[in-house]
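>>> return atomic coordinates for the entry below.
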Amino acid sequence: MTVLTKPAESRLVDPQGWRRKFGVLGPSTNIHVQPDMEAMRPAGVTNHYARIYTPNAEGLTDASFTSATQTIADNVMIALKDVLTLTPDYIVMGMSAITFYGGIKGATAFQKKLEDASGLGVSTGAFSCTAALRAYGGIKRIAFLSPYWPVANAAVRQYFEEEGFEVVRDLPLQRTSWLGIAATPLSMVRDAVHRLDGPDIDAIVQVGTNCSMVKLAAAAEMYLGKPVIAINTATYWHALRSAGLPDKVYGMGRLLEEF
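Here you go, the predicted model:
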């Protein structure tokens, strides 16, 4: 009689995520990261979303935005601990503001904290955006938009400038709650892109993962004739490539189609 033995944990293969299992961390109020990244997911890869607890911060102002995002930062490690129980192969950060805080030094420290705790590679919004900009090549001057308040845009500006990009202008949409960010009208985002564009910039970047711009960015870069990078696209692209997956995903812009 043949005796079947359980294979070692390291040899187990998931029948759906047989290529990679991604652990995706995002704030509990984030509505858009999960469907956006599902739309970009190639065959054999599974996304496992872990929610970082945060109340719906309301009445946001320039003075309160940073402290509201700190609540998210304080709970990141709990969500990471939860998602590690399914033994993912890679971690994807579906939130952006805190990944920019403190410039390159702060972004590096945040990523290292997650990598040390998980023992896995991690794609963060900040580093994914700069990797995307460099993938296009020849980009020196940029503009960016966010659903944030000026205090947070200043942190994003600092990060991009430390990475060597000239930030010509930026636009904070100043949404007043986390769920308000999710409900940002597409017309407002579209108008922001037009306000930012000009012959003096090489690319436009959108940050703020709960303000989905994946499809609009893909369309905008066709009619503007320059890269338009949505952070959800950049982060998932960075995760795929960092995890050794070269798949091209069509209909989501040049980044996933060409690089």
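
>>> distance of residue 28 relative to residue 56?
Taken as CB to CB, to the nearest Å, the spacing of residue 28 relative to residue 56 amounts to 9 Å. Backbone N, C-alpha and C define where each C-beta goes, glycine included.

>>> go on, residue 200?
Taking CB to CB, one finds residue 200 at 38 Å from residue 56.

>>> wait, residue 79 sits on residue 49?
No: with contact defined as CB atoms under 8 Å, residue 79 does not count as touching residue 49 (9.5 Å).

>>> of these two, who's got more company?
Neighbours per residue (other CB atoms under 10 Å) separate residue 79 from residue 49, with residue 79 holding more: 22 against 18.

>>> sticking with the more buried one, tell me its helix or strand.
In this assignment (DSSP states H and E), residue 79 forms part of helix 65-84.

>>> what's in contact with that helix?
23-25, 27, 48, 50-55, 57, 60, 91, 95, 97-98, 101, 113-114, 117-118, 148-149, 151-152, 178 (CB atoms under 8 Å, 6 or more residues apart in numbering).

>>> buried residues, that helix. List them.
65-66, 68-69, 72-73, 75-76, 79-80, 83-84 (16 or more other CB atoms under 10 Å).

>>> what's the answer for stretch 42-62, then?
Buried residues in stretch 42-62, counted by 16+ other CB under 10 Å: 45-52, 54, 57, 60.

>>> give me the low-pLDDT residue ranges for this protein?
Under the criterion of pLDDT under 70, the regions of the chain flagged as low confidence span 1-11.

>>> domain boundaries for it, per the record?
Described in terms of automatic domain parsing, the domain architecture of the chain consists of the residue ranges 16-125+234-251, 128-230.

>>> what angle do the helix or strand harbouring residue 154 and helix 65-84 make?
Assignment of secondary structure by DSSP H and E places residue 154 within helix 150-162. Interaxial angle of helix 150-162 relative to helix 65-84 (axes from the mean of the first three to the mean of the last three CA atoms, to 10 degrees): 70 degrees.

>>> report the buried residues of helix 150-162.
For helix 150-162, by 16+ other CB under 10 Å, it's 152-153, 155-160.

>>> which of those sits closest to residue 141?
residue 160 (10.5 Å; CB to CB).

>>> can you give me the helices for the protein?
Assignment of helices within the chain using DSSP state H yields the ranges 33-39, 65-84, 97-100, 103-118, 125-136, 150-162, 178-182, 186-196, 214-224, 231-242, 254-258.

>>> return the fifth one as CSV; C-alpha atoms alone will do.
Included here for helix 125-136 are C-alpha records, laid out as CSV according to Å, rounded to 0.1, in the frame of the first residue of the first chain:
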residue,chain,number,x,y,z
GLY,A,125,4.0,53.6,-3.6
ALA,A,126,6.9,56.0,-3.4
PHE,A,127,9.6,53.7,-4.8
SER,A,128,7.3,52.2,-7.4
CYS,A,129,6.5,55.7,-8.8
THR,A,130,10.1,56.6,-9.2
ALA,A,131,10.9,53.2,-10.7
ALA,A,132,8.1,53.7,-13.2
LEU,A,133,9.3,57.2,-14.2
ARG,A,134,12.8,55.8,-14.8
ALA,A,135,11.4,52.9,-16.8
TYR,A,136,10.0,55.3,-19.4
